[in-house]
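**Q** Quick one, structure for this:
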Amino acid sequence: MSKEPLTVTSKIKEVCAYIRVSTHMQEELSPDAQIRLLKDYASTNGMIITKVYNDLGISGTKALKRPGFQQMISDCKSKEHPFDAILVWKFSRFARNQEESIVYKSLLKKENVDVISVSEPLPDGFIGSLVERIFEWMDEYYSIRLSGEVKRGMTQKALHGGYQGRMPLGYQKEKNNTPTIVYEESLLVKKIFQMYLDNNGNPSDIAITLNKEGIRNKQGNRFDAKKINYIITNPFYIGKVRWNYYNSDTKRFNQPNDVIIADGIHEPIIDNAMWEKVQALYHANKEKFKARGNRRGTAGMKHWLSGTLRCNECGGPMTYGKNTSRINSIYFFQCSRRSKGSCSTSSYINVKKAEQSVVTALNNLLSSDTIDYERRSPSDDSSETESLIKLELARLDQKEKRVKDAYINEIDTLEEYRDNKAAINLQRENLLKQLETVTAEKTLSNEKQYEKEIRHSLKSIVQMIETNPDGYVEIGNALREHISQIVYDKEKDHMTFHLY
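**A** Next up is the predicted model:
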């Protein structure tokens, strides 16, 4: 009787499914319809879907903004290699950006993971790759065209006074309804506008005052200068609609010519007279102080005290800037947290005065008999004697353990155990006394040497400031070698040096 030939059963592929539905839902299948098609395809092609990833209501133009997609890619790259392929309804579900599509498909190909569109079968070989690129190009073109249509629609809506985005402080809006005023919030908006005029356009002072009173913004957060400026320049408060003001992709404000401002149909909170006064003051201050607060960059816009000078009131760093409101520019240091509404004092100090104060303080330290400082953690460069003592102490610990084990295992009697333990303890006490003596001698010697090093460094800093005041990098590095921070007390006009 002849034997039947052996057959090798084809391996069933483990695959995952990826479902994506955009917010606009145009020409798209629902998630349930997509998964049904993917399951049908898998069952007829020897595949098992073991996991489904999805991104619902998310655009396909940027892969980094799709958490489900990113998790799927991460799982495919894992050592477990759980999937042989990714099933999608259309290639557009995988990506609408051709560049990203190519990058991610190439990455998956290295892991031997295919991307299969169940509704767009591809021929084998070069032609298949070419057709796939055409699909990707068409998807990207569709996405660009759709984005343009959406933008045009939103622009048209804005021009007709339509409302888009989150309501500002003072307003609320039900779906498809005109924004209405929130009375309590509107009082705060009016207060902020009036405070801006009363404080000569200082948003930091306004933020500090509001924060001290426990007042928070619409999201429940503290106020800062940036939030105040946003409120007093928002035309929504005079009954207008502003759109395309900020580009979320570039994280920058758009040019005025690109911003759309149209008449709205909502009730204003601020009258035009108040608005005009505030805007005039805002733009005057903006022009007046446009160079204020700029930090020195590669063109020499740094100072050797930057990062070292701190505010006594809040502990925050004092940033370097210049005041160009006068004929001659004045350079200064000021607490950086003041503009954020977190500090009630500016801790303002003229740069020349700050430099002179630092030099005077350093010379006073050098002329003193002793210098108080906080010693840094010592390095592990222990002496040979110290190392030998520590090694012997470690050996005693092991010996004591063995002695105890000998008693537990009934090798030694209780009396023998007590005698052995006493001998070990006596030896340990002697070693600890020796270690204490060595450490004390070493510390005394090191402290004298360390203070000598501090004096030498401080003297070098003073010489560098006097001979090369523009060498801010060298001076700054030398300063931070032994000074962790310099705290400036504006009220007492006093500087405290923290040395280590």
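
**Q** Surely Pro235 touches Ala262?
**A** No - between Pro235 and Ala262 there is no contact, the gap being 9.5 Å when judged by Cβ atoms under 8 Å. Heads up, the C-betas are built off the backbone N, CA and C, glycines and all.

**Q** what residues are shared contacts of those two?
**A** By Cβ atoms under 8 Å, 6 or more residues apart in numbering, Pro235 and Ala262 have these common neighbours: Val241.

**Q** would you list every one of the helices in this structure?
**A** Using DSSP state H, the helices of the chain run over 31-44, 67-77, 91-94, 98-110, 125-159, 183-198, 203-212, 225-232, 272-288, 351-367, 384-408, 414-467, 472-482.

**Q** tell me the most buried of those?
**A** helix 91-94 (a mean of 24; mean count of other Cβ atoms under 10 Å).

**Q** For that one, the averaged confidence score.
**A** Regarding helix 91-94, the rounded mean pLDDT is 80.

**Q** Show me what it is packed against.
**A** strand 13-21, helix 98-110, strand 114-117, helix 125-159 (3 or more Cβ pairs under 8 Å, 6 or more residues apart in numbering; DSSP states H and E).

**Q** ok, back up a step: between Pro235 and Ala262, which has more neighbouring residues?
**A** Pro235 (19 against 16; other Cβ atoms under 10 Å).

**Q** mind listing what the more buried one touches?
**A** 241-242, 261, 275.

**Q** Equivalent analysis for Tyr237, please.
**A** So Tyr237 contacts 168, 170, 189, 193, 231, 268-270, 275 (Cβ under 8 Å, 6+ apart).

**Q** what would these look like in CSV with pLDDT and distance to Asn202?
**A** Putting those into CSV (pLDDT from 0 to 100; distance: Cβ to Cβ, whole Å) gives the following:
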residue, pLDDT, distance to Asn202
Pro168, 88, 21
Gly170, 91, 22
Val189, 95, 18
Phe193, 95, 14
Ile231, 93, 14
Pro268, 93, 25
Ile269, 94, 22
Ile270, 94, 19
Trp275, 93, 19
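
**Q** List just the nearest of these to Asn54.
**A** Asn54 has its nearest neighbour among these in Pro168, at 34.0 Å by Cβ to Cβ.

**Q** now the residue lying closest to the closest one once chain neighbours are set aside: how far from Leu169?
**A** Leaving aside its sequence neighbours, Pro168 sits nearest to Phe236 (Cβ to Cβ, 6 or more residues apart in numbering; 5.3 Å). Going from Phe236 to Leu169 by Cβ to Cβ, to the nearest Å gives 10 Å.

**Q** Neighbour count for those two, which is higher?
**A** A side-by-side neighbour count of Phe236 and Leu169, using other Cβ under 10 Å, places Phe236 first with 23 against 20.

**Q** Touching, the more buried one and Ala262? I think so.
**A** No - with contact defined as Cβ under 8 Å, Phe236 does not reach Ala262; the gap is 11.2 Å.

**Q** tally of neighbours for Phe223?
**A** Neighbours around Phe223, by other Cβ under 10 Å: 22.

**Q** Correction: the previous question concerned Ser339.
**A** Neighbours around Ser339, by other Cβ under 10 Å: 20.

**Q** from here on, count from 833
**A** Renumbered: residue one is now 833, and that last one reads Ser1171.

**Q** what's it sitting at in phi/psi?
**A** phi -70, psi -20 (degrees, to the nearest 10).

**Q** what does the one 3 residues further on give?
**A** The phi/psi pair for Ser1174 (degrees, to the nearest 10) reads phi -100, psi 0.

**Q** Give me the number of neighbouring residues for it.
**A** Close neighbours of Ser1174, defined as other Cβ under 10 Å, add up to 18.

**Q** just checking, it touches Glu1145?
**A** No - between Ser1174 and Glu1145 there is no contact under Cβ under 8 Å: 9.8 Å.

**Q** Could you measure from Ile1040 over to Leu1020?
**A** Taking Cβ to Cβ, one finds Ile1040 at 15 Å from Leu1020.

**Q** next one: Ala1105
**A** Note on Ala1105: its distance to Leu1020, by Cβ to Cβ, is 20 Å.

**Q** cool, and Val947?
**A** Where Leu1020 is concerned, Val947 sits at a distance of 53 Å (Cβ to Cβ).

**Q** One more: Lys1233?
**A** 70 Å.

**Q** what residues go with each domain of this protein?
**A** Using automatic domain parsing, the domain ranges for the chain come out as 845-978, 1003-1120, 1122-1332.

**Q** so which of the contacts of Tyr1069 comes closest to Ile867?
**A** Pro1000 (41.0 Å).

**Q** Pick out the shakiest of the helices of the chain, pLDDT-wise.
**A** helix 957-991 has the lowest average pLDDT among these, namely a mean of 52.

**Q** Provide a list of residues in contact with Leu1263.
**A** Contacts of Leu1263 (Cβ under 8 Å, 6+ apart): 1221, 1224-1225, 1228.
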